[in-house]
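# just need the structure, nothing else, for what follows:
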Amino acid sequence: MRPVRLTMQAFGPYPGRVVVDFRDAVDAGLFGIYGQTGSGKSTIFSAITFALFGAPTKTDQDAPSLRADHADAGILTEVEFVFDIGERRFVIWRKPDQMRPKQRGSGETASVHEARLFDATGLSVDEITDNRRGKIIAEKKVGVVNAAISDMLGYGADQFRQIVLLPQGRFETFLAAKTKDRLEILRDLFDVSLYRDLAARLKADAASAENHVRGERDACSRDLARAGFESTDALAAGIVEAERRHAEHLEIENAARQALEVAQIALRDAEAIEAKFKAAETTASALAALQASKYEADALAERVAKAERARSLLDAEARVTEAANEISKLEEELQNAQGSAEKAANAAKLAAEALARETARAGEIEVLRRQLEELDRHQQTLEKASGTKNAVEKMHAAERKASVELDSAQQTLTSLQNARGEKSELLKVARATETRRHEIGVRLAALQVSFTAAEAFEKAGKEILAANANAEKLHSAHETAQRRAEETLTKFEDAEQKLSAAQALHLAAKLEADTPCPVCGATEHPAPATRALENVESDQTFRDAKTAWQQADLVARDVAKKLAAARSILREREDRQSGMQRPSDSAAVLNGKVHGEQQALDGLGPKIDLGRAETEIEGLDGEIAALATTRDALRYAYSECQKATSVAHARLEEMLSAVPLPLRDRTTLTATRETASQALTDRESTKAAAEKKASETRDATLTAQKDQQAAGNALASGRERQQKAIGAFKSRLVEAGLSEEDFRSLKPAIASIDMDRATVEQHSRKLVIAKDAAENAAEAIREQVRPDLAAVTARQKEAGEKLSDAAREQLDAELRLQNLTKLRDELADTLRRLDAAEAASGPLRKLAELVNGENAQKLDLETFAIGAMFDQVLEAANLRIGPMTNNRYRLERDLEGGRGRRGLGIQVFDTYTGKSRPTSTLSGGETFIAALALALGLADVVESASGKIRLDTIFIDEGFGSLDTENGAGTLDQVLQVLSKLVSQNRSVGIISHVPLVQEAIPNGFYVRKDITGSTVESRGVI
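Numbers count the residues shown, from 1 in each chain. Sure thing, here's the model as predicted:
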């Protein structure tokens, strides 16, 4: 950043408007800002800091206190700062929070903080005014402007105070700062996020591996607890108990299955008879519905006949519509003709008015003729001064040549600087890309884990749905099989009862008085069984019924077993899913995110050789330093040419004093004369054109009136044709026996004539079919008795429920046994795998501890990386401190001491004693020198390490009073010599000081004067 111009108004000790032009001071390289103590020297840099970042140099100073106490109440406090970054120029304007007089009435009102940032590239400093600051970049919102400034400069307010503006005592604080505080500053200046992210990733990976093992072991414990066991030994005992319970429930299930078979037989017979009764009811209802809709079918037939007559009138109606359309078209043509006539009349009126105006301006023609005569006199004066002008132009040519050579050198230098900046930016982008590549990799790995978990969760959900559907299907099949078993059981019991009756008849026929009964042994037979033998059930019928019942019961038991198994599987899958963590997103969404991260990773492109890029930047640094020396020599030659040109130009100005400045150029004068001549010609031509236009518009008005009359005649003829078409249509309506309202109402029915006719015929056919179906269904139930289906179903259902309960309990016992056995085997495999995983992740966890500071030095990877950059800072600082202390001191890192974070401590090596000691042991002057060297070294390394940060100018506030002056200069002279060398390296340095020797050594810059009404700033010329 290179300062160009600072404008302060009612700011600090400056009550009025003060402009500080830095151009000559910055070109000189080393300049000073001098003045009495308290005059406002540091306020200049406080204004720069406020302009850039919205905060003063002193962090404890609030914005309202920036206002000048001596300022007029009507003048607002504001700051404008013009600065360059490379070849681009920017303007920042700010107005702090303050109170101002109300525009109406008395009292004050608050004015809030405002800021605006402009791109003024291409504008000279003198062209930048309050009304012309360039293209707006950001405005109003202070946060947006601050973000744009920080992004543009590459640092914020705190870093600005550390490496650009070195305020009094601040860099001594940085010198004595602890590792933690210094780390926060250097972290913002050096991009070592790659190492911080690497350490974080290793820590996360180690934690992930450890959490994975711990989580898996916890999952094993949860699986055991969910099964009701505390340990694997308890699980083994539970398996033995499960085997015993399974055997018991298997016996109970077999008994319940036999009872169900009898109930299912009875239910099937009752359902068959009930189906016949329902069929008779359905056909009777269908016949009644068709008979009820016969009236609607007859009405539809009559509507079809009328629609046929209406269809014959469509052609006459079309001719009426055609005549109406013609009338609309003729009316539109008449309206257009009327509009054209009105436009023509208006145009004629405007043309007449224009002709009157041109006639009134006839006097301007004479004024233009006199102007041409005056321009001819100026042309003669320019011809007389042509010789002097040629001499001036030769000097200008020499000046331009020197300027071109200077610009060429500057452009080449800028091109190299830009190339270095671009390469540095590309290097930073490459580093950021690698960081981004790592971040995406971490997110991608996490998303893949989440996606796998979500897939498993959704798969478990689908398995639950499938198991639930299968259970419902088997439940329906079980009810059907149970009903069948109940029906066959009823038939079997009936056959058994009849067979028993037949056997009793046979036995009764053989009984004799006083003869013992073969069944009970009694000798008396008071009521033997009596019945016709031909009506009793046969043994074969009994056997067939029993076989049918046993088969149906077997099927019902099998389905019940499958149903119980399906319900157990459903519960197992629901339990398994409940043990899973519900994902935040669906697998499809997570899969999309995985693909998105993968595309982002692929979009980063191939890796870049960072070492090669750094070597190229170092080569450009050497070329830039050599070219800067050449540029300075060309700048001096250009200044000499400027002086000679100024003398010759003054002589030419005296000769041309009578000619206005804009007309002293022959081309401009000729163009001005041609413009005046053309204006005269234009005035004359405009008047002639107005006369012609007035004549033409009068003729057009007459033509438009004739067209309007013809359109009216055509409309009258069209209306006669329309009346004839309407009369013909009404005659046709009378012939068809329809009114116009009947025709309109029947038009929608014309399109559906064929479909309506088919509907009438179809209704007749359906009515005949329904009568036959109703008669057949009634005949089928004529001699049947309707069964009590609800009672039969209840008995079958009760038997089925008992079997289902028995089968479910048996299957639960079986699945319990299977699940416990499976759990035992899975836990054994999982525990072996976790032991191996825990051993494999040991090196990773150890490495993560080391890079995150759990080592003997308590040094994490980020601090180590910043320490490497800090070594470069100390190396650059030692290039300054050596010459300033006669090579007595050298700064070095202190890696020892302390219990907290370490690695960025500083100590000083004293060549006189050959030992290192703390920087706190240095004297006041030595501390200033050490801190100044450190600050300058920090600025060098920050600029070289970042392709974006450019430190073209730095400022040093006080501290020189602590230096000794032997023979008039001493250490002060050595410090100033180092600063002079820094300037020769293409960097400007501004010094704030009240030390007289400093003012004598560096006379260039500014002087701040203080009086009772406030302070002012005076520029001191370049020597």
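# now the lengthiest helix in the chain: average pLDDT?
As assigned by DSSP state H, the longest helix anywhere in the chain is helix 386-509. Mean pLDDT, computed over helix 386-509, is 79.
# tell me what that helix is packed against?
helix 193-227, helix 232-292, helix 539-578, helix 587-603, helix 610-655, helix 789-840 (3 or more CB pairs under 8 Å, 6 or more residues apart in numbering; DSSP states H and E). Placement of C-beta: from N, CA and C, glycine included.
# wait, which of the ones you listed is closest to A690?
helix 610-655 (45.8 Å; CB to CB).
# immediately after the closest one, which helix or strand?
helix 666-736 (DSSP states H and E).
# quick one, phi psi at E108?
Backbone geometry at E108, expressed as degrees, to the nearest 10, gives phi -120, psi 160.
# count the neighbours of the closest residue to it other than its chain neighbours for me.
In space, and not counting its chain neighbours, E108 is closest to M99: 4.4 Å by CB to CB, 6 or more residues apart in numbering. Residues lying near M99 (other CB atoms under 10 Å) number 12.
# just the local confidence number for M99, please.
84.
# that's a strand at it, yeah?
Yes - applying DSSP: H, G, I helix; E, B strand; the rest coil, one finds M99 inside a strand.
# wait, it touches A110, no?
Yes - counting by CB atoms under 8 Å, A110 is a contact partner of M99 at 6.1 Å.
# nearest to S764, of the helices and strands packed on helix 386-509?
Smallest distance to S764 across the helices and strands packed on helix 386-509 (CB to CB): 9.6 Å, for helix 232-292.
# now the helix or strand just after the closest one: average pLDDT?
Next helix or strand after helix 232-292 toward the C-terminus (DSSP H and E): helix 294-311. Regarding helix 294-311, the rounded mean pLDDT is 78.
# and if you look at stretch 235-247?
For stretch 235-247, the per-residue pLDDT averages 83.
# begin at 9, not 1, for the rest of this chat.
Sure, I'll start counting at 9 from here, so that last one is stretch 243-255.
# can I get it as PDB, trimmed to CA atoms?
Extracted in PDB, the C-alpha atoms of stretch 243-255 (Å, rounded to 0.1, in the frame of the first residue of the first chain):
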ATOM      1  CA  LEU A 243     -25.600 -65.600  27.600                       C
ATOM      2  CA  ALA A 244     -24.500 -69.300  27.500                       C
ATOM      3  CA  ALA A 245     -26.700 -70.200  30.400                       C
ATOM      4  CA  GLY A 246     -29.600 -68.400  28.700                       C
ATOM      5  CA  ILE A 247     -29.200 -70.600  25.600                       C
ATOM      6  CA  VAL A 248     -29.600 -73.800  27.700                       C
ATOM      7  CA  GLU A 249     -32.900 -72.500  29.300                       C
ATOM      8  CA  ALA A 250     -34.200 -71.400  25.800                       C
ATOM      9  CA  GLU A 251     -33.800 -75.000  24.500                       C
ATOM     10  CA  ARG A 252     -35.900 -76.400  27.300                       C
ATOM     11  CA  ARG A 253     -38.800 -73.900  26.800                       C
ATOM     12  CA  HIS A 254     -38.800 -74.500  23.100                       C
ATOM     13  CA  ALA A 255     -39.600 -78.300  23.600                       C
END
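# who's in contact with that stretch?
With contacts defined as CB atoms under 8 Å, 6 or more residues apart in numbering, stretch 243-255 is touched by 232, 235-237, 818, 821-822, 824-825, 828-829, 831-832, 835.
# how about stretch 265-277?
489-501, 553, 556-558, 560-562, 564-565, 568, 795, 800-801, 803-804, 806-808, 810-811, 814.
# what do you get for stretch 325-343?
716, 719-720, 722-723, 726-727, 729-730, 732-734, 736-737, 751.
# can you give me every residue that contacts G726?
Residues near G726 by CB under 8 Å, 6+ apart: 331, 334-335, 338.
# I figured K284 hits I789, correct?
Yes - counting by CB under 8 Å, K284 touches I789, with 5.1 Å between them.
# more neighbours: which of these two?
I789 (16 against 13).
# buried ones among the contacts of stretch 325-343?
Among the contacts of stretch 325-343, the ones that count as buried by 16 or more other CB atoms under 10 Å are 716, 719, 723, 726, 730, 733, 737, 751.
# export those to JSON lines and tack on distance to A207 and pLDDT?
Output for the buried ones among the contacts of stretch 325-343, formatted as JSON lines (distance: CB to CB, whole Å; pLDDT from 0 to 100):
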{"residue": "Q716", "distance to A207": "92", "pLDDT": "78"}
{"residue": "A719", "distance to A207": "91", "pLDDT": "78"}
{"residue": "L723", "distance to A207": "93", "pLDDT": "78"}
{"residue": "G726", "distance to A207": "94", "pLDDT": "77"}
{"residue": "Q730", "distance to A207": "95", "pLDDT": "77"}
{"residue": "A733", "distance to A207": "96", "pLDDT": "78"}
{"residue": "F737", "distance to A207": "96", "pLDDT": "77"}
{"residue": "F751", "distance to A207": "93", "pLDDT": "76"}
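# hmm, which two among those residues are most spread apart?
Largest pairwise distance in the buried ones among the contacts of stretch 325-343, by CB to CB, is 39.5 Å, between Q716 and F751.
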